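*Asks:* Let's see this in three dimensions:
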Amino acid sequence: MLGRKTLFLCLVVCVSLLSSCKPQTGEAPGTSPSKGTADKKGPVLAKVAGEIITVGDFEHELGSLPEYTQKRMETAEQKQKHLDKMIDEILLLQEAKKRELDRDEEIQGKVERYRRRLITEKLYREVASERSKVGEEEILSYYQEHKDRFRQKERIRARQILILLPKNAGPDKEKEAQAKADEALAKAKAGEDFATLAKQYSEGPAASRGGDLGFFSRGRMVPEFEEIAFSLKEVGDTSDLVRTKFGFHIIQLTGRQPAQELAVEDVKDRIVRQLESAKRREIRQSLSEELRQAGNVEVDESYFGKEAASGE
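*Replies:* Residues are numbered from 1 along each chain as shown. Alright, predicted model coming up:
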């Protein structure tokens, strides 16, 4: 089996070969092929064994990363680490070329197969984009046929004050936590502002929001919490202490939405996503068959033998 370094080296060479398939315009001499689309006119950020990485290169690289990865590139330290990866890539690619691995037949074969997959995947996306448009009649028809999916359960909105209690806490810790919860409860029952008390006492993740949990339906919370929360009648009602596996809770009801049937306008975007997704799956399954029927395809069935040719 290939070692991790060898495998990474092969991937670097693959990237180089793939990039070399594209026409390069205005690329600076000695530039890494994988960076040919970046701005080579910006200030030089790093020099690596005769090649350069400009600020434009680096910003282009960051901009091409997935969104969730870009969000991690906010500090100087994180950006430095990514620059180090770019430098390593150039050094590995230079070493691979010295060994003429970019001419290796096995690697070239893998690159060609990968190139074909990229092209056909691009074709699927383009055809899907052309054919997966959803009309108003389709949306309404789907809504009428699946109304049961668009019923909103009863939901409530609540705030909480949570005094955490570790799973293996002893009697002393439990007594201490309950005393703190009792103090907060007494103030809440006396009419003090619940959101302010939550910021002061609560140890839950919603404390900074005044304990606001937003709207939720049954099945979202632990049973002990849910039973008391949904039993509160009027907006502003506050529960007694509720004990769960997390600790002690004090709950205040801040809103209630009865069960209701959502209007088509409220779920239109969701329906469009579902229909487009279904169409894309169907296109992926049917496109090859369409092209077979439209194209001139001949197969020498004798290669597979009589049984295979007859379907036995």
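
*Asks:* what about the residue minimising distance to the centre of the chain, which helix or strand?
*Replies:* Geometric centre of the chain, nearest residue: residue 68, 7.1 Å, by CA atoms, centre = their mean. Using DSSP states H and E, residue 68 falls within helix 67-70.

*Asks:* C-terminal to that helix, what's the next element?
*Replies:* helix 76-98.

*Asks:* list the buried ones in that next one?
*Replies:* Residues of helix 76-98 classed as buried: 82, 83, 86, 87, 89, 90, 92, 93, 96 (neighbour count, 16 or more other CB atoms under 10 Å). (Glycine included, C-beta is placed from N, CA and C.)

*Asks:* Could you look up the SS state of residue 254?
*Replies:* strand (DSSP: H, G, I helix; E, B strand; the rest coil).

*Asks:* In the stretch 1-150 of the chain, where is pLDDT below threshold?
*Replies:* Within the stretch 1-150 of the chain, the stretches with pLDDT under 70 are 1-41.

*Asks:* residue ranges of the strands in it, please?
*Replies:* 44-48, 51-54 (DSSP state E, counting those that start in this stretch).

*Asks:* got the CA positions of the first one in CSV?
*Replies:* The C-alpha trace of strand 44-48 is given here as CSV (Å, rounded to 0.1, in the frame of the first residue of the first chain):
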residue,chain,number,x,y,z
VAL,A,44,5.2,39.0,-3.4
LEU,A,45,4.2,37.1,-0.3
ALA,A,46,6.7,34.3,-0.4
LYS,A,47,9.5,33.0,-2.6
VAL,A,48,9.9,29.2,-2.8
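
*Asks:* Can you give me the domain assignment for the protein?
*Replies:* In the assignment given by automatic domain parsing, the structural domains of the chain cover 4-18+30-130, 154-258.

*Asks:* Wait, residue 239 touches residue 252, no?
*Replies:* Yes - using CB atoms under 8 Å, residue 239 is in contact with residue 252, at 7.5 Å.

*Asks:* So the two - more neighbours on which side?
*Replies:* The neighbour comparison of residue 239 against residue 252 (other CB atoms under 10 Å) goes to residue 252, with 24 against 19.

*Asks:* residues contacting the more buried one?
*Replies:* Going by CB atoms under 8 Å, 6 or more residues apart in numbering, residue 252 touches 158, 159, 160, 188, 194, 211, 232, 236, 237, 238, 239.

*Asks:* those strands in the stretch 151-300 of the chain, which residues are they?
*Replies:* Going by DSSP E, counting those that start in this stretch, the stretch 151-300 of the chain shows strands at 151-152, 155-164, 212-217, 242-244, 247-257, 260-261.

*Asks:* As TSV, the ones you listed with mean pLDDT would be great.
*Replies:* As requested, these are arranged in TSV below (pLDDT from 0 to 100):
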stretch	mean pLDDT
strand 151-152	83
strand 155-164	97
strand 212-217	96
strand 242-244	96
strand 247-257	97
strand 260-261	85
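
*Asks:* Would you mind telling me which of these is nearest residue 201?
*Replies:* strand 155-164 (5.2 Å; CB to CB).

*Asks:* elements contacting that closest one?
*Replies:* helix 171-189, helix 194-201, strand 212-217, helix 223-231, strand 247-257 (3 or more CB pairs under 8 Å, 6 or more residues apart in numbering; DSSP states H and E).

*Asks:* overlap in contacts of residue 239 and residue 252?
*Replies:* residue 232.

*Asks:* quick one on the thing from earlier: and the helices and strands packed on strand 155-164, which is most packed in?
*Replies:* Counting by mean count of other CB atoms under 10 Å, strand 247-257 has the highest mean neighbour count of the helices and strands packed on strand 155-164, with a mean of 21.

*Asks:* Report the distance from that one to the chain centre.
*Replies:* Here strand 247-257 shows a centroid-to-chain-centroid distance of 31 Å under the convention CA atoms, centre = their mean, to the nearest Å.
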